[in-house]
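S.K.: What would the 3D arrangement of this be:
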Amino acid sequence: MLENNRMVQASYEGNKPSLASIIMMPFLFTLTLSIGNVVSELIGSLLFNNLEESLFRIYMQYFQYAASFALAGAVVALFMCKVQGKNWRSIGLFKEKAVVSYFKGAGIAFLGIVAIISFLQFKGELTISAIPINRGVHLFGIILIILIAWIIQGAAEELFLRGFMFQAITVRYDVYKGIIIPAIVFALLHLGNNGINAISLINILLCGLALMLLVLKDGNLWGAFGFHTAWNLLQGNVFGISISGNTMDVSLFKTVIQTDTIWSGGAFGLEGSLLTTLFFILASLVLVRQLSKHNR
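M.R.: Sure, this is the predicted structure:
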């Protein structure tokens, strides 16, 4: 059914990746993140040294996100281009409908987050209150660095998982393993996060599957980039909810979870909620149906 899909065909362009490169890339990606985190901490300490403590912490957090994921994403892109002999199109960065796909992915994330939060608020499992904005002349800088950080982070992870991993496994084995294995790797990368449990692992796996289906449906990586960025931005910096167990220092709203239940997600955030499970299952079913129609 997927043999003629643009992303599947793009996988076969360039040099066939070795099994060793497939096995080593997750370790190289995480190692590069660690190196980038250390280097960016040193650079950031110099750049933001004169700021007050609260601002210093905010700028450092997102500067480290941006720098470390930019480095990790660059390593993946360079490997695909220089070692595999690919170009930007065969990586999955087609120019056609790039902006439309990006904002469509972001829109899906927005609908999912708002629907889940609205239901939890209706059930009385969380309360939302506005936080006064008082960052003075630094407000624009904070907004800018947060946006840049999530844009880079979302793109880097998707380039690694739905770009390199999907294409490499599809070429060596088949497209269905190419869909499933990166989603498993995506889940495993979150094993050390605060509050991780069975539901959250399943949700991250389902998220990976849904994003891969979105990539196949759109025929590019842009929609997955947009979804990933908007999903994290909305949870962490709009609603002030933990992102995969990680708490952000700045947000527009303060969301207080009243009870730690299978519906609220607890310390892990919305990704530990059964509502998120239902959302990703529903999204995947819709995307499978659309893919089936498109490939008839």
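S.K.: contact partners of stretch 151-162?
M.R.: The list of residues contacting stretch 151-162 from outside it, by CB atoms under 8 Å, 6 or more residues apart in numbering, reads 25-26, 29, 65-66, 69-70, 72-73, 76-77, 91-92, 182-183, 185-186, 208, 211-212, 215, 221, 224-229, 231-232. (C-beta placed from N, C-alpha, C; glycine too.)
S.K.: What average pLDDT does it get?
M.R.: Mean per-residue pLDDT for stretch 151-162: 97.
S.K.: before we move on, what about stretch 167-178?
M.R.: 94.
S.K.: Show me which positions of that stretch end up buried.
M.R.: 167, 168, 169, 170, 171, 172, 175, 178 (16 or more other CB atoms under 10 Å).
S.K.: wait, the second one sits on residue 17?
M.R.: Yes. Counting by CB atoms under 8 Å, residue 17 is a contact partner of residue 168 at 4.1 Å.
S.K.: Packing partners of the one helix or strand residue 46 maps to?
M.R.: Residue 46 belongs to helix 19-47 when assigned by DSSP states H and E. The contact analysis (3 or more CB pairs under 8 Å, 6 or more residues apart in numbering; DSSP states H and E) places helix 19-47 against helix 53-78, helix 166-172.
S.K.: For those helices, state which one has the densest average packing.
M.R.: helix 166-172 (a mean of 23; mean count of other CB atoms under 10 Å).
S.K.: Just the CA trace of that helix, in CSV.
M.R.: Extracted as CSV, the C-alpha positions of helix 166-172 are listed here (Å, rounded to 0.1, in the frame of the first residue of the first chain):
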residue,chain,number,x,y,z
PHE,A,166,12.5,5.5,9.4
GLN,A,167,14.4,5.7,6.1
ALA,A,168,17.3,3.5,7.2
ILE,A,169,15.1,0.7,8.6
THR,A,170,12.7,0.9,5.6
VAL,A,171,15.6,0.4,3.2
ARG,A,172,17.2,-2.4,5.1
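S.K.: Please state the offset of it from the chain centre?
M.R.: 20 Å (CA atoms, centre = their mean, to the nearest Å).
S.K.: Repeat that for stretch 132-151.
M.R.: The answer for stretch 132-151 is 20 Å, by CA atoms, centre = their mean.
S.K.: So for that stretch, what gets flagged as buried?
M.R.: Within stretch 132-151, the residues scored as buried using 16+ other CB under 10 Å are 142, 145, 146, 149, 150, 151.
S.K.: what's the nearest residue to the second one if we skip its chain neighbours?
M.R.: Just to be clear, that refers to residue 145. What sits nearest to residue 145 in space, not counting adjacent residues and going by CB to CB, 6 or more residues apart in numbering, is residue 62, at 4.6 Å.
S.K.: Please report how far residue 7 lies from residue 103.
M.R.: With distances taken as CB to CB, to the nearest Å, residue 7 is found 19 Å from residue 103.
S.K.: Residue 255 looks like it's in a helix, true?
M.R.: No. Going by DSSP: H, G, I helix; E, B strand; the rest coil, the assignment for residue 255 is strand, not a helix.
S.K.: Hmm, it is touching residue 237, no?
M.R.: No. Applying CB under 8 Å, one finds residue 255 not in contact with residue 237, separated by 11.6 Å.
S.K.: Residue nearest the middle of this structure, spatially speaking?
M.R.: Geometric centre of the chain, nearest residue: residue 228, 3.5 Å, by CA atoms, centre = their mean.
S.K.: For residue 260, which of the helices and strands packed on helix 19-47 is the nearest?
M.R.: If you check each of the helices and strands packed on helix 19-47 against residue 260 by CB to CB, helix 53-78 wins as the nearest, at 25.0 Å.
S.K.: That closest one packs against which elements?
M.R.: Using 3+ CB pairs under 8 Å, 6+ apart, helix 53-78 sits against helix 19-47, helix 139-158.
S.K.: can we see that at 10 Å?
M.R.: When contacts are defined as 3 or more CB pairs under 10 Å, 6 or more residues apart in numbering; DSSP states H and E, helix 53-78 packs onto helix 19-47, helix 88-91, helix 139-158.
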